[in-house]
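A.B. asks: the following comprises the amino acid sequence and a computationally predicted model.
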Amino acid sequence: MPRETAYELSIDHVQVLESDGSVDAELEPDLSEDDLLEMYWTMKRSRRLDERAIALQRRGELGTYAPATGQEAAQVGSAHALADEDWMVTSFRETPAYLARGTPPHMLLWYAMGMEEGSATTRESRNMPPSIPVGSQALHGAGLGWAQEIADEDAASLVYFGDGATSEGDVYEATNLAGVFGSHTVFLCQNNQYAISVPRAKQTRAETLAQKAAAAGIEGVQVDGNDVLGTYAVVRDALESAREGDPVFVEALTYRRSLHTTSDDPSVYRQEEEEEEWEARDPLTRFETYLRNRDTLDDDRIADIEASIEDDLREEIRLGNEGREAVDVEEMFEYAYETPIPEVERQRAAFRGEDRD
Ligand SMILES: Cc1ncc(C[n+]2csc(CCOP(=O)(O)OP(=O)(O)O)c2C)c(N)n1
């Protein structure tokens, strides 16, 4: 049967900073020394916070924690492109993005301790609390972006989710709604290659995740998510487009180098060889090489930054622990239902050790 082409599709891939720290001078974004150093500091601070948080969880001082190690460029690069008026809408692995938006580490620790205060959202901060149901936050982001369109606001919403989330109806529905209603939304898919133990290849037969945008009639673009400069530039442009009512879907190719969460053991489903390959493409090492090459950093400056991060995190962990004393874990039984149902009462009694007879 003869056929004509109804629609043709191609997806751009953007790369500014290579694994060896060399840069494409034509694409290099115009960022000040202060901006670059702030991005570096935030990426390093986030990685160190991950290490400290895992250790705290192992000591029983935190609940579940989802490390973002390896994803610092995708998150810091993108969050750095946000303006103060923009909203950030996250899932559960966005430590670097929150840090880039000024959330202090002790609040992130509070969240992981089960304290509501840790995910407080204000009109000023414009950061939504983490969303645990996979992909659900894409709908919140699309709705916020639609509100921005209706209110004729010169602002956008940036939504973070993973490769696994693209298999959820929520993400398709959100992109579709955003396209139809001109939501001011950028969908940032951090393709970190795994949804817990399910590899990207088992998530979809599609060649890229960015092409999922095509079904919603919006632009899709892929960027090396371990390239902080490339991610910044792509998301900056995408936010500009979104503010005009043209949403964009960005796929940031990256790798979760650590655990899915503190309850996970990746050695069960991942090969060491693959982990080593991605170690060589680490976002922090490459950014550091770039900054050394342009004389923004040297050994002494790096040592000073590391010392300042240690001091800062010591104080933040102290603040986190101070708050922990106010946590009443039993509150979780209070708020699930207006009037607790018998099953919740049973669980509360079990938690108190009252039903052991
Ligand atoms: C609707 C829903 N289904 C299942 C889960 C359990 N779960 C938590 S994280 C996760 C994998 C998510 O993978 P991805 O979207 O790639 O994000 P990543 O964890 O890699 O950042 C799953 C299945 C959940 N939280 N919500």
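C.D. replies: Thanks, I have it.

A.B. asks: my guess is Thr79 meets Ala97, correct?
C.D. replies: One correction, residue 79 is Ala, not Thr. Yes: Ala79 is within contact range of Ala97, at 4.3 Å (criterion: C-beta atoms under 8 Å). Glycine gets a C-beta too; all of them are placed from N, C-alpha and C.

A.B. asks: find the residues that touch each one of these two.
C.D. replies: Met88 (C-beta atoms under 8 Å, 6 or more residues apart in numbering).

A.B. asks: so which bits of the stretch 251-357 of the chain are right by the ligand?
C.D. replies: Residues of the stretch 251-357 of the chain lying near the ligand by C-beta under 6 Å from any ligand atom: 256, 260.

A.B. asks: can you pull out the low-pLDDT segments for the stretch 251-357 of the chain?
C.D. replies: Within the stretch 251-357 of the chain, the segments meeting pLDDT under 70 span 355-357.

A.B. asks: same question, the chain
C.D. replies: Ranges of the chain meeting pLDDT under 70: 355-357.

A.B. asks: I'd like to know how far the residue most central in space within it sits from Asp246.
C.D. replies: Nearest residue to the geometric centre of the chain (C-alpha atoms, centre = their mean): Glu94, 3.5 Å. Per C-beta to C-beta, to the nearest Å, Glu94 is found 24 Å from Asp246.

A.B. asks: what of Thr175?
C.D. replies: Taken as C-beta to C-beta, the span from Thr175 to Asp246 is 12 Å.

A.B. asks: cool, Ala216 as well?
C.D. replies: Ala216 is 12 Å from Asp246, where distance means C-beta to C-beta.

A.B. asks: give me the more crowded residue out of these two.
C.D. replies: Ala216 (22 against 17; other C-beta atoms under 10 Å).

A.B. asks: okay, and the common contacts of Thr175 and Asp246?
C.D. replies: With C-beta under 8 Å, 6+ apart as the test, Thr175 and Asp246 both reach Ile218.

A.B. asks: the stretch 51-200 of the chain: helices as residue ranges?
C.D. replies: 72-80, 95-100, 105-113, 136-150, 169-181 (DSSP state H, counting those that start in this stretch).

A.B. asks: export the ones you listed to TSV and tack on mean neighbour count and distance to the ligand?
C.D. replies: Putting the helices of the stretch 51-200 of the chain into TSV (neighbours: other C-beta atoms under 10 Å; distance: least, C-beta to the nearest ligand atom, whole Å) gives the following:
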stretch	mean neighbour count	distance to the ligand
helix 72-80	30	11
helix 95-100	27	12
helix 105-113	23	15
helix 136-150	23	7
helix 169-181	20	8
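
A.B. asks: among those helices, which comes closest to Gly230?
C.D. replies: For those, proximity to Gly230 was assessed by C-beta to C-beta; helix 72-80 is nearest, at 7.3 Å.

A.B. asks: which other helices and strands does that closest one contact?
C.D. replies: Using 3 or more C-beta pairs under 8 Å, 6 or more residues apart in numbering; DSSP states H and E, the elements in contact with helix 72-80 are helix 33-58, helix 95-100, strand 157-162, strand 185-191, helix 228-243, strand 248-253, helix 283-293.

A.B. asks: please convert those to CSV, extending it with distance to Pro342.
C.D. replies: Converted to CSV, the helices and strands packed on helix 72-80 look like this (distance: least, C-beta to C-beta, whole Å):
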stretch, distance to Pro342
helix 33-58, 32
helix 95-100, 38
strand 157-162, 36
strand 185-191, 41
helix 228-243, 47
strand 248-253, 45
helix 283-293, 50
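
A.B. asks: hey, which of these is tucked in deepest?
C.D. replies: Most buried of the helices and strands packed on helix 72-80, by mean neighbour count (mean count of other C-beta atoms under 10 Å): strand 185-191, with a mean of 31.

A.B. asks: what sits against the residue of the stretch 51-200 of the chain at minimum distance from the ligand?
C.D. replies: Closest residue of the stretch 51-200 of the chain to the ligand, C-beta to the nearest ligand atom: Gly162 (2.2 Å). Applying C-beta under 8 Å, 6+ apart, we find Gly162 in contact with 91, 93, 134, 189-192, 195.

A.B. asks: tabulate these in a markdown table, adding columns for distance to the ligand.
C.D. replies: As requested, the contacts of Gly162 are arranged in a markdown table below (distance: C-beta to the nearest ligand atom, whole Å):
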| residue | distance to the ligand |
| --- | --- |
| Ser91 | 6 |
| Arg93 | 4 |
| Val134 | 4 |
| Cys189 | 8 |
| Gln190 | 6 |
| Asn191 | 8 |
| Asn192 | 5 |
| Ala195 | 3 |
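
A.B. asks: among those, which one sits closest to Asp170?
C.D. replies: Ranked by distance to Asp170 (C-beta to C-beta), the contacts of Gly162 are led by Val134 at 8.0 Å.

A.B. asks: now the terminal residues of stretch 219-230, how far apart.
C.D. replies: From its first residue to its last, stretch 219-230 covers 17 Å (C-alpha to C-alpha, to the nearest Å).

A.B. asks: ok now it, how far from the chain's centre?
C.D. replies: For stretch 219-230, the separation from the chain centroid amounts to 14 Å (computed by C-alpha atoms, centre = their mean, to the nearest Å).
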